[in-house]
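> would you be able to build a 3D model of this:
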Amino acid sequence: MNDSATRVPATLIEGLTAPQREAVLHRDGPLLVLAAAGSGKTRVITRRAAALVLAADAPIEVLAMTFTNKAADEMSQRLAALGVDASVTACTFHSFGARLLRVYAAAAGLEPNFTILDRDDRRKTVADAVESAGLSLTHLPAAAVEQHISRAKNAMIGVDAFAASAGDFQHDQIARVYRVYEARLAECNALDFDDLLLRVARLLDEDHGLRDRLERRYPYVLVDEYQDTNAAQYRIARLLTRSRRNLCATGDPDQSIYAWRGADLGNILSFERDFPDARVVRLEQNYRSSKRILAAAAAVIAASRARPDKALWTHNSDGDPVRVVEHDDASDEADWIAEDVAARVAADARPCDIAILYRMNAQSRAIEEALLRAGVAYQIARGVEFYARKEIKDVLAYLRLLLNLRDEQALLRAINTPARGIGGTTLQRLEVEARARGVSLAAFVLAEDSDFTPVGRAAARVRDFAALMRSLSDLADASPSHGVDQVLRRTGLAALYLGEDREDASAADNVRELQSAAADFERRRPAATLRDWLEYASLVGDVDALRDEAGCVTLMTLHAVKGLEFPEVYIAGLEDGVLPLRRETPGSFQTDEEEERRLFFVGMTRAMQRLTITWAKHRMLQGRSERRNRSPFLADLPRDRADWIRVAAADAGSRPDFGNLPPDVAHWSVGTIVREPRLGLGRIDALARFGRHTNVTVTFRDGVRRTLILEFADLTRVDPYDLGDAGYEE
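As a prediction, the model looks like this:
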């Protein structure tokens, strides 16, 4: 054992396997940790970060970069428990980029109070750029253009390079829009999400002095989920470790699911080529899933073409068979899932232990409605959508504008909310004046010396608004809770959304939730300012809004569930065309079937104890009901590891008559002894009818507990007297 390893507290490596210990204790030089699903990766990289700090000859800082705020927060909490949180910067790539660009704004050609556009405002800016370039949104939709620009930035392709690259007529049109879009961002002192990576990669590439300072500050860099890095993230990681080469990359090629946003699987597959002397540690033991679930998942991913050899294994119990349930249509599927979940809850499962996953957000509507009918409370992992609600965007617009008086999208939302009599015609005239002066609309409206004569009687109202915004600018360094409260009160938003005359109670609840979010951020970071919180809010992801509420089932997409785990998981919509998703829209990004397979694998390996997979022979998508074939991925499931269930549709307009139930079911109750051919004798713990099905929960004599659909379960009632003197307890 080397000297540094002897300085690592024994408690830090206690309970680790040999490969985990090797990864934690590795000191200098490149390290690749190939961590299979559920292999304790977070535990390993957190303890590695702590070990580096504790074994150092002098105080050092370690930089650990993740892909979600939730993962970064979890790492920070674990590091705090280990006593080294102040020595490790745990953050996402994007939050690291935002911090760096604010501190070194001048070197990056920015002003430090730049705005980070959210998804909605980014699309509006793209749409504006399309029209300003003299093109039609009908023939060049903003969403498609936005996707092309995003992919270019993630690949580190700037405006000039994009325009110079060989392309067709549409490519040339997008290049024109890209140039106008970038000019608009500069005019408004704004960045989009992708700029937080592209600008940092360029800055580190060009400013050698800054790069050297950062490498001295962070002698060790850890990158989580390395398989999901795009070209800019890859470049940032390599530049930060250029001299010392102390890069620890952790990830799993089997879980690379973000090619649509520029992730390059080749980054992790070529790590050993990039670093021929790298130490490679394989974490293959799964601590999360049962043997049956892991075997099913392993069989699915084994059919993947581009993956290194890797054995997945676990010491966990066999667990329940994976259920594959076929339905006639998506409504039946949703009802069945809701009823099955309700039965599980009735059988004492905790709702927070249950997750329902799907490929597309559009699938959630039917499931939500079915859960409501079944009386099952749920939450949806759509943190981004909370911040996209009108009332929330209204509040955030004022906050963004007081921090950056050139933010045009924020001004357009705030200037007439609450209504001030500043209508569309007035804004059009103001924009003409702004363009004539070569400045953004916001910069023109909020400047103290602007002449508003062209807008006539509305001039006084515009001046009053401008004075209000300038007066709010002193809140930039206020605490988050104070800043939000003051903005609500001084702008009239409190009266609009929280006053006695409010029209929408849900909007009031959302605004109060925003206040709570600011206060919660302040509690966790006492020194934080309004500026800090707004930056955090601008980088929120879907899973960041999830709460550990015992009373709620969780709904989310397969992409959003990455990094999470649940005792019970349902994956809906295993049909060809849904998973794997096949897009047929001209010009859209075509999904890679190999990546879709990895996405299914990610969903399967979130399950700890029970996994249910459903599909429907008919599904309504984009207003059309189409016949579906089951997903080709299901053909890879081992037949002996799954229960294949066919649920027949109910008669139209009526509920089933339960004609398939055992004839003496009326005499069944809690405590009734039953027999199942494979599982033997059992005792009923719960029996309940939910819509189309009757669910029965049985504890068998060997201790295994199952919830079965009575219409399809092969159960027979057993008279206790037939068991003889020994009885059931034998």
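
> what's the host helix or strand of residue 301 packed up against?
Residue 301 is part of helix 291-302, with elements assigned from DSSP states H and E. Using 3 or more C-beta pairs under 8 Å, 6 or more residues apart in numbering; DSSP states H and E as the contact definition, the elements that helix 291-302 packs against are strand 322-327, helix 593-604, strand 607-616. (C-beta placed from N, C-alpha, C; glycine too.)

> the shortest one pairs with which strands, and in what direction?
Which is strand 322-327. strand 607-616 (parallel), strand 642-646 (parallel) (DSSP bridges).

> how far does the longest one sit from its chain's centre?
Read it as strand 607-616. Taking the mean of its C-alpha atoms, strand 607-616 sits 20 Å from the chain's own mean (C-alpha atoms, centre = their mean, to the nearest Å).

> hang on, isn't residue 631 packed against residue 572?
No - checked against C-beta atoms under 8 Å, the pair residue 631 and residue 572 is beyond contact range at 11.4 Å.

> looking at the two, which one has more neighbours?
For residue 631 and residue 572, the more surrounded residue by other C-beta atoms under 10 Å is residue 572, and the numbers stand at 28 against 22.

> give me the pLDDT value at the more buried one.
In this model, residue 572 is scored at 98, pLDDT.

> what sits against it?
Neighbouring residues of residue 572 by C-beta atoms under 8 Å, 6 or more residues apart in numbering: 333-334, 337, 356-358, 363, 367, 614-615.

> same deal with residue 47?
12-13, 16, 24, 82.

> can you tell me how far it is from residue 13?
7 Å (C-beta to C-beta, to the nearest Å).

> need the residues touching each of those two.
With contacts defined as C-beta under 8 Å, 6+ apart, the residues adjacent to both residue 47 and residue 13 are residue 24.

> spatially central residue in this protein, please.
When the chain is reduced to its mean C-alpha position, the closest residue under C-alpha atoms, centre = their mean turns out to be residue 560, at 3.6 Å.

> wait, a strand at that one?
No - secondary structure of residue 560, determined by DSSP: H, G, I helix; E, B strand; the rest coil: coil, with no strand assignment.

> any idea what residue 249 is bridged to?
Applying DSSP bridges to residue 249 yields these beta-bridge partners: residue 32, residue 223.

> list the helices and strands the helix or strand encompassing residue 70 packs on?
When elements are assigned from DSSP H and E, residue 70 belongs to helix 69-82. In terms of contacts (3+ C-beta pairs under 8 Å, 6+ apart), helix 69-82 is packed against helix 41-55, strand 62-66, strand 88-92.

> ok, now how distant is residue 526 from residue 76?
Computed as C-beta to C-beta, the residue 526 to residue 76 distance reads 15 Å.

> quick one, phi psi at residue 419?
As for residue 419, its main-chain torsions (degrees, to the nearest 10) stand at phi -60, psi 130.

> residue 215 reaches residue 237, doesn't it?
No - distance between residue 215 and residue 237: 11.8 Å, which falls outside the contact criterion (C-beta under 8 Å).

> which one's more surrounded, these two?
Relative neighbour count places residue 237 above the other of residue 215 and residue 237, with 22 against 19, counting by other C-beta under 10 Å.

> thinking again about what came up before, in CSV, list the contacts of residue 47 along with pLDDT and neighbour count.
Conversion of the contacts of residue 47 to CSV gives the following (pLDDT from 0 to 100; neighbours: other C-beta atoms under 10 Å):
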residue, pLDDT, neighbour count
12, 90, 19
13, 91, 16
16, 95, 17
24, 96, 24
82, 91, 19
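
> may I ask which two of those are separated the most?
For these, with distances taken as C-beta to C-beta, the pair at the greatest spread is 16 and 82 (13.7 Å).

> which ones are touching the closest residue to residue 450 other than its chain neighbours?
Spatial nearest neighbour of residue 450, chain neighbours left out: residue 444 (5.5 Å); criterion: C-beta to C-beta, 6 or more residues apart in numbering. Remark: with contacts taken as C-beta under 8 Å, 6+ apart, residue 444 is in contact with 430, 433-434, 437, 450.

> neighbour-wise, which one of those residues leads?
With neighbours defined as other C-beta under 10 Å, the most crowded of these is residue 430; it has 24 neighbours.

> how far away is that residue from residue 442?
According to C-beta to C-beta, residue 430 stands 10 Å off from residue 442.

> how about residue 595?
In this structure, residue 595 and residue 442 are 40 Å apart, going by C-beta to C-beta.

> more crowded one of those two?
For residue 595 versus residue 442, neighbours defined as other C-beta under 10 Å are more numerous around residue 442 (28 against 20).

> and after whatever helix or strand that one lives in, which helix or strand comes next?
Secondary structure from DSSP H and E places residue 442 in helix 441-446. The element immediately downstream of helix 441-446 (helix or strand, assigned by DSSP H and E) is helix 459-472.

> pLDDT of that following helix, averaged?
When the per-residue pLDDT values of helix 459-472 are averaged, the result is 95.

> pLDDT score for residue 98?
According to the prediction, residue 98 has pLDDT 96.

> actually residue 454, sorry about that
89.

> was I right to think it contacts residue 429?
Yes - at 5.2 Å, residue 454 counts as touching residue 429 under the criterion of C-beta under 8 Å.

> neighbour-wise, which of these two wins?
Just comparing residue 454 and residue 429: by other C-beta under 10 Å the higher neighbour count belongs to residue 429, 15 against 12.

> quick revisit: look at residue 526 and residue 76 and report which has more neighbours.
Set side by side, residue 526 and residue 76 show more neighbours around residue 76, with 18 against 7, by other C-beta under 10 Å.

> pull the contacting residues for the closest residue to the more buried one other than its chain neighbours.
The spatially closest residue to residue 76, leaving aside those adjacent along the chain, is residue 90, at 4.8 Å (C-beta to C-beta, 6+ apart). For residue 90, the contacting residues are 49, 64, 66, 72-73, 75-76, 79, by C-beta under 8 Å, 6+ apart.

> many thanks, I have nothing further to ask.
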